[in-house]
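**Student:** show me how the following folds:
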Amino acid sequence: MEDPKQLLSATYELLKSIADTVPVLIWTTDINKKFIFFNVGWSRFTGRTIEQEYGNGWTAGIHPDDLQRYQITFTSSFNARKEFRVEYRLRRHDDIYRWVTDSGAPRYATDGTFIGYVGSCMDIEDLLDSERKEIEDVTAEAARKEQALFEEVIATNEKLRASNEELASINKELEYAQEELRSLNLSLEGKVTERTKALTKSEAEARGLNEELASTNEDLAATNNALVSANEELLEAKAKAERGERIFRNMARNIPGSLVILMNPDHRYLAIEGDLMLQLGYDSSDYTGKHPTEVAHPERYEANKPLFDRMFAGERFRTERIGDDEKVYQIDLVPLHDDENEIYAGLIIALDITDHRQSEERSAKLAAIVESSDDAIIGKDLNGIVTSWNRGAELIFGYKEAEIVGRSILTVIPEDRQHEEPIILGKLREGNKIDHYETIRQAKDGKLINVSLTISPIHDKEGRVIGVSKIARDITEQKRDEQRKNDFIGMVSHELKTPLTSLSAILQIASMKPKAGDDSFLCGAMQKAVQQVKRMTAMINGFLNVSRLESGKIIIEKQAFNMGELIEEVIDETRITGSTHDISFVPCNAIEVVADRNKISSVLTNLIGNSIKYSPKGSSISVECKARDTDVLVTVKDEGIGIKPDDANRIFERYYRVQTPNMQHISGFGIGLYLTAEIVQRHHGHIGVDSEYKKGSTFYFTLPL
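**Tutor:** Okay, the predicted model is just below:
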């Protein structure tokens with residue numbers, strides 16, 4: 001019979017060996033929440049000794065922001081004696097915090113007494129394919145060793161049962177021997193009495209006989225005590241072996257998204273564990289000793305039988321299957337050999353790799369898109385450190401990926417623009433996106449590049465911002481084209497002003513001559529010619545203002561003036577030119593602003609003129625002005641054709657014109673509202689429009705008080 005202590009020690013060493021082999025961090029606690037065991041994987045990950053981690057010392061490695069959430073989850077689960085799963089950041093041996101998933105399950109003795117927790121912890125950040133493969137191989141090897149342990153535990157239990165039966169038999173033999181001794185004692189006592197009466201013996205001989213009998217009784221009592229102690233040790237060893245079996249099952253259950261099946265060469269189940277049981281069609285029934293055809297449809301067994309045959313023929317292989325739920329499962333089939341290299345069981349491990357496959361496909365597509373883009377697509381963390389750099393970024397900025405990854409994004413930002421980066425990162429940390437932000441960046445050779453940036457925050461699955469994705473488009477040539485166009489427009493507009501001024505003077509003089517005669521046609525024609533020259537002069541002035549605005553030559557000359565008086569002046573001038581619309585204005589209280597009076601006058605003229613241009617004759621136009629806490633609000637409301645939402649979003653863009661059939665007969669170049677918006681914005685005000693298509697529009701702007 002094997003020594004129980006040796007058997008127990010071997011079982012514990014085998015359990016510890018398996019725990020040190022698996023690619024996860026294993027821990028256990030006692031009944032008082034005290035952590036009493038960490039495997040080798042834990043020490044390698046944290047870089048700390050078991051003595052440092054013992055008890056609650058290991059919590060020093062939890063990120064301070066995650067500690068309270070972990071303690072609440074762990075304590076509530078511990079008090080309820082329930083399984084739990086929680087994610088937090090754990091400090092690695094290189095002082096970098098890594099996101100891990102930690103899960104634990106309660107352990108119970110054979111009598112139902114709670115004896116603590118067993119749990120596992122896994123690093124879930126950025127696993128490389130090679131690392132995944134290694135983990136899968138180690139997990140499979142661990143599963144094989146665990147199954148071997150399971151088989152050894154079963155065999156140990158059989159040995160323990162045999163030992164118990166042998167002890168019971170020995171106990172019966174001892175009871176029989178004790179009965180015989182009692183009978184022998186009685187017989188000896190009778191003989192002693194008989195001999196005492198019959199013979200006269202020396203007192204020394206009688207005393208020696210009594211001592212011999214006492215010694216025999218003591219030896220028998222010691223033997224009985226030793227047998228009772230051995231029996232107690234065997235019972236304790238059995239309880240510990242059962243605890244070891246439960247630990248094994250808990251370890252199998254704690255492999256996320258898995259199903260572990262142990263099968264004998266007759267294709268009968270020895271054990272089934274894992275959180276995919278229900279998902280793959282296995283209920284909570286006891287499968288031990290049953291054939292697959294006894295618990296599922298025979299067609300399912302026939303479809304899988306060739307795989308079982310290959311496994312029991314000695315082949316170790318992996319395959320993939322699509323489940324009824326359209327999920328992808330990775331199946332590993334491993335034959336288990338005994339000491340004589342005979343196959344005594346087969347281990348089948350199924351893992352749900354659907355998310356992994358989908359992630360690989362998405363990553364491949366995204367990588368292809370990113371790599372083929374001519375725009376610079378850059379990834380960086382919340383400290384501005386570059387984490388990814390595509391081919392487009394290499395072409396635009398001149399830095400190779402190996403040169404820039406790991407360095408600050410300030411490398412490509414000119415010194416006079418580096419104040420932008422903290423502002424941008426601050427907005428992104430709040431979850432905001434930045435669209436089409438035009439600025440200047442610097443290439444490796446020192447050349448300055450005009451770029452348009454679209455910057456988006458990168459969130460993790462819990463919604464936290466963990467990084468930044470930036471798309472930079474080189475708009476240097478576009479800027480040059482715009483500058484050339486503006487220079488050309490400004491030059492042409494300036495050259496046209498002189499002949500137009502002369503033409504306007506000639507027409508005004510010539511228009512006075514027909515008034516003295518009777519030629520009504522010539523009189524009307526001259527008036528129309530003068531109006532057309534005025535319109536052309538206004539257009540040329542608009543183009544000149546655009547050119548001055550974008551070259552930075554337009555000047556805002558601020559002065560204090562009464563806003564109500566200015567509005568009345570503009571309305572009176574509009575009426576003098578012959579307005580065919582009813583323009584109303586409710587005089588407002590004395591509101592004084594500090595702004596460029598002439599340019600605000602042009603803003604009012606443009607907005608009122610647009611309302612007249614795009615409203616039917618005889619309709620009403622209302623102008624309002626009111627002071628608010630920090631600004632003055634001016635509105636111009638009409639009953640015109642209105643603006644569609646898509647056009648309203650772009651109405652203030654340069655040269656933008658609404659394209660509708662009823663707009664084709666209305667002249668314009670799309671610069672009036674652009675200039676109006678720029679003037680308001682340069683006064684630190686705001687301009688906008690509320691419009692309903694075919695029902696009218698309300699343009700409004702604000703100026704600071």
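**Student:** could I get the phi/psi values of Pro616?
**Tutor:** phi -70, psi 150 (degrees, to the nearest 10).
**Student:** what's around it, how many residues?
**Tutor:** The number of residues packed near Pro616 is 11, by other CB atoms under 10 Å. (Glycine included, C-beta is placed from N, CA and C.)
**Student:** and the pLDDT for it?
**Tutor:** On pLDDT, Pro616 comes in at 88.
**Student:** any stretches of the stretch 1-150 of the chain with poor pLDDT?
**Tutor:** Scanning the stretch 1-150 of the chain for pLDDT under 70 picks out 1-12, 14-15, 126-140, 142-150.
**Student:** from what I see, Ala109 and Ile115 are in contact.
**Tutor:** Yes - Ala109 lies in contact with Ile115 (CB atoms under 8 Å); the separation is 5.4 Å.
**Student:** would you map out the domains in this structure?
**Tutor:** Per the record, the chain has its domains at 4-131, 257-356, 373-474, 480-548, 559-704, by automatic domain parsing.
**Student:** please, which helix or strand holds Ala271?
**Tutor:** Using DSSP states H and E, Ala271 maps to strand 269-273.
**Student:** who touches the helix or strand that comes right after that strand?
**Tutor:** Next along the chain after strand 269-273, taking DSSP H and E as the criterion, comes helix 292-295. Helix 292-295 has contacts (CB atoms under 8 Å, 6 or more residues apart in numbering) with His267, Tyr269, Tyr282, Ser285, Tyr287, Arg300, Tyr301, Asn304.
**Student:** list the buried residues for helix 292-295?
**Tutor:** Pro292, Val295 (16 or more other CB atoms under 10 Å).
**Student:** helices or strands up against whichever helix or strand comes after that helix?
**Tutor:** Later in the chain than helix 292-295, the nearest helix or strand by DSSP H and E is helix 298-312. Helix 298-312 sits against helix 292-295, strand 317-322, strand 328-337, strand 343-352, with contacts defined as 3 or more CB pairs under 8 Å, 6 or more residues apart in numbering; DSSP states H and E.
**Student:** what is the mean pLDDT for helix 298-312?
**Tutor:** 91.
**Student:** list the buried residues in it.
**Tutor:** Buried-residue list, helix 298-312, by 16+ other CB under 10 Å: Tyr301, Asn304, Leu307, Phe308, Arg310, Met311, Phe312.
**Student:** in JSON lines: those residues, plus distance to Ile404.
**Tutor:** Formatted as JSON lines, the buried residues of helix 298-312 follow (distance: CB to CB, whole Å):
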{"residue": "Tyr301", "distance to Ile404": "57"}
{"residue": "Asn304", "distance to Ile404": "52"}
{"residue": "Leu307", "distance to Ile404": "49"}
{"residue": "Phe308", "distance to Ile404": "54"}
{"residue": "Arg310", "distance to Ile404": "50"}
{"residue": "Met311", "distance to Ile404": "50"}
{"residue": "Phe312", "distance to Ile404": "55"}
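**Student:** of those residues, which is the nearest to Asp30?
**Tutor:** Met311 (39.8 Å; CB to CB).
**Student:** tell me how many other residues crowd Ile679.
**Tutor:** With other CB under 10 Å as criterion, Ile679 counts 23.
**Student:** circling back to that earlier point, could I get the strand holding Ala271 in PDB with only the CA atoms?
**Tutor:** Provided in PDB are the C-alpha atoms of strand 269-273 (Å, rounded to 0.1, in the frame of the first residue of the first chain):
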ATOM      1  CA  TYR A 269     -17.000  10.600 -22.200                       C
ATOM      2  CA  LEU A 270     -14.800  10.700 -19.100                       C
ATOM      3  CA  ALA A 271     -15.400  14.400 -18.400                       C
ATOM      4  CA  ILE A 272     -16.700  17.600 -20.000                       C
ATOM      5  CA  GLU A 273     -16.000  21.100 -18.700                       C
END
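**Student:** any idea of the angle it forms with strand 343-352?
**Tutor:** 30 degrees (axes from the mean of the first three to the mean of the last three CA atoms, to 10 degrees).
**Student:** strand 269-273 - what's its average pLDDT?
**Tutor:** 84.
**Student:** what does stretch 391-406 give?
**Tutor:** Stretch 391-406 comes out at a mean pLDDT of 90.
**Student:** restricting to C-alpha, output that stretch in PDB.
**Tutor:** Taking Å, rounded to 0.1, in the frame of the first residue of the first chain, the C-alpha atoms of stretch 391-406 are listed here in PDB:
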ATOM      1  CA  ARG A 391       3.300  55.000 -46.500                       C
ATOM      2  CA  GLY A 392       1.400  58.200 -47.200                       C
ATOM      3  CA  ALA A 393       3.100  59.800 -44.100                       C
ATOM      4  CA  GLU A 394       6.500  58.700 -45.300                       C
ATOM      5  CA  LEU A 395       5.800  60.400 -48.700                       C
ATOM      6  CA  ILE A 396       4.500  63.700 -47.200                       C
ATOM      7  CA  PHE A 397       6.900  64.100 -44.300                       C
ATOM      8  CA  GLY A 398      10.000  62.200 -45.500                       C
ATOM      9  CA  TYR A 399      10.400  60.100 -42.300                       C
ATOM     10  CA  LYS A 400      10.500  56.300 -42.500                       C
ATOM     11  CA  GLU A 401       8.300  54.400 -40.000                       C
ATOM     12  CA  ALA A 402      11.300  53.200 -38.100                       C
ATOM     13  CA  GLU A 403      12.600  56.800 -37.700                       C
ATOM     14  CA  ILE A 404       9.400  58.300 -36.300                       C
ATOM     15  CA  VAL A 405       7.500  55.600 -34.300                       C
ATOM     16  CA  GLY A 406       8.200  56.100 -30.600                       C
END
